[in-house]
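*Asks:* Generate a structure from the sequence data that follows.
(2 chains)
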Amino acid sequence: MKILVVDDSRVMRQIVIRTLRQSGHGGHDIVEAENGREGLEAVQREAPDLVLSDWNMPEMSGIDFLTTLRGSGGTVPFGFVTSEGSPAMRAQAEAAGAAFLIAKPFTPESFDEALGAVLGAHP
Amino acid sequence: MTVTLEPSLGDVHAVVEEVWSSFLGAEEPILPLATPMPPGGWSAAITVSGGWDAQITVNLTDGAAQAVTSTMLMCPVEDCADEDLRDALGELVNMVGGNVKSLMAGSAVLSLPLVGHGDISPGSHLVEVCRLELTWRGEPVVVTVHQPPTADPS
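*Replies:* This is a model prediction of the structure:
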């Protein structure tokens, strides 16, 4: 499987990829993008099986990325990894078509719980 | 009359401890111990606007900023460039600010983080409502929350 990690922070992309490994999901191909606009291009180019995206990014936010993706017919499973996990933001994410929202700071356990439902058993 | 509520010191402390223990190692906790902050160092700030207006700032010494970056990137301190420090400290204040914002009522928007060497002054309309003086690896770390003055209920 292929996972697209979208975050404007290189440090956070590294932490997300490290946490994927620690949570037992390290066997997947990883593709990276720095904002929602680049994420849209990467979805077209790479056809990932899952998108993990930050919310608060320059150029195009995560929620605009998801809304544009769904508006163009894209159905790839999409989860947010973001510093805000309020009920209002979770509701907004779900309404836009996100499968889950993982709040930073996260643990390998919270990653496994969220990704397990989407990806199934570990690779 | 609008009454603006403030985040409690305990809530902000809990957020900072969770961020530190999750991403910077639970074996080296951030301690509730005030250590004198020397001049200079790094500042990372993020603003919240909407139902709650505020600026959340994290101040660190050069040594603490390098240690944060080295730990988050899992690389030697000498390999961390200023660009890496700005990235890591931006994520740090983004997590602290985002989680503090989640504690507050009302719809609000988080800005992108601002990181610099030296102080980042809050807007002149903001006053300090929360100040945490902490120590990590023997280095001072200060977290502050500024917001507009609370209206006097009298």
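*Asks:* can we go C-alpha only for contacts and neighbour counts from here?
*Replies:* OK.
*Asks:* Is it correct that residue B:64 is in contact with residue B:139?
*Replies:* Yes - A contact is recorded between residue B:64 and residue B:139 when judged using Cα atoms under 8 Å, the distance being 6.0 Å.
*Asks:* ok, which stretches of chain A are helices?
*Replies:* Ranges of helices in chain A, per DSSP state H, are A:10-22, A:36-46, A:62-71, A:87-96, A:108-119.
*Asks:* contacting residues around residue 13?
*Replies:* You didn't say which chain, so I picked chain A. Remark: with contacts taken as Cα atoms under 8 Å, 6 or more residues apart in numbering or on different chains, residue A:13 is in contact with A:5-7, A:32.
*Asks:* switch to chain B, that's the one I care about
*Replies:* Residues near residue B:13 by Cα under 8 Å, 6+ apart: residue B:132.
*Asks:* Just the CA trace of the helix or strand containing residue B:11, in CSV.
*Replies:* Under the assignment given by DSSP states H and E, the secondary-structure element containing residue B:11 is helix B:9-23. Below are the C-alpha coordinates for helix B:9-23, written out as CSV (Å, rounded to 0.1, in the frame of the first residue of the first chain):
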residue,chain,number,x,y,z
LEU,B,9,-2.5,27.6,34.5
GLY,B,10,-3.1,23.9,35.2
ASP,B,11,-4.6,23.2,31.8
VAL,B,12,-1.8,24.9,30.0
HIS,B,13,0.7,23.0,32.1
ALA,B,14,-1.0,19.7,31.3
VAL,B,15,-0.8,20.5,27.6
VAL,B,16,2.9,21.4,27.7
GLU,B,17,3.7,18.3,29.7
GLU,B,18,1.8,16.1,27.2
VAL,B,19,3.6,17.6,24.2
TRP,B,20,7.0,17.2,25.9
SER,B,21,6.4,13.6,27.1
SER,B,22,5.0,12.5,23.8
PHE,B,23,7.6,14.0,21.4
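*Asks:* From the rest of the structure, what touches the next helix or strand after it?
*Replies:* On the C-terminal side of helix B:9-23, the closest following helix or strand by DSSP H and E is strand B:42-50. The list of residues contacting strand B:42-50 from outside it, by Cα under 8 Å, 6+ apart, reads B:53-62, B:65, B:89-90, B:93-94, B:97, B:101, B:106-120.
*Asks:* thinking again about what came up before, same list, the helices of chain A, but as CSV with mean pLDDT please.
*Replies:* As requested, the helices of chain A are arranged in CSV below (pLDDT from 0 to 100):
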stretch, mean pLDDT
helix A:10-22, 95
helix A:36-46, 98
helix A:62-71, 98
helix A:87-96, 94
helix A:108-119, 89
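*Asks:* between these, which one is nearest to residue B:41?
*Replies:* In this view, the helices of chain A are compared for proximity to residue B:41 by Cα to Cα, and helix A:10-22 is the closest at 20.3 Å.
*Asks:* which SS class is residue B:68?
*Replies:* Residue B:68 falls in the helix class when you classify it by DSSP: H, G, I helix; E, B strand; the rest coil.
*Asks:* and residue 61, what does it touch?
*Replies:* I went with chain A, as the question did not name one. Taking Cα under 8 Å, 6+ apart as the definition of contact, the neighbours of residue A:61 are A:35-36, A:54-55.
*Asks:* my bad, the chain I had in mind was chain B
*Replies:* B:37-38, B:40-42, B:139-141.
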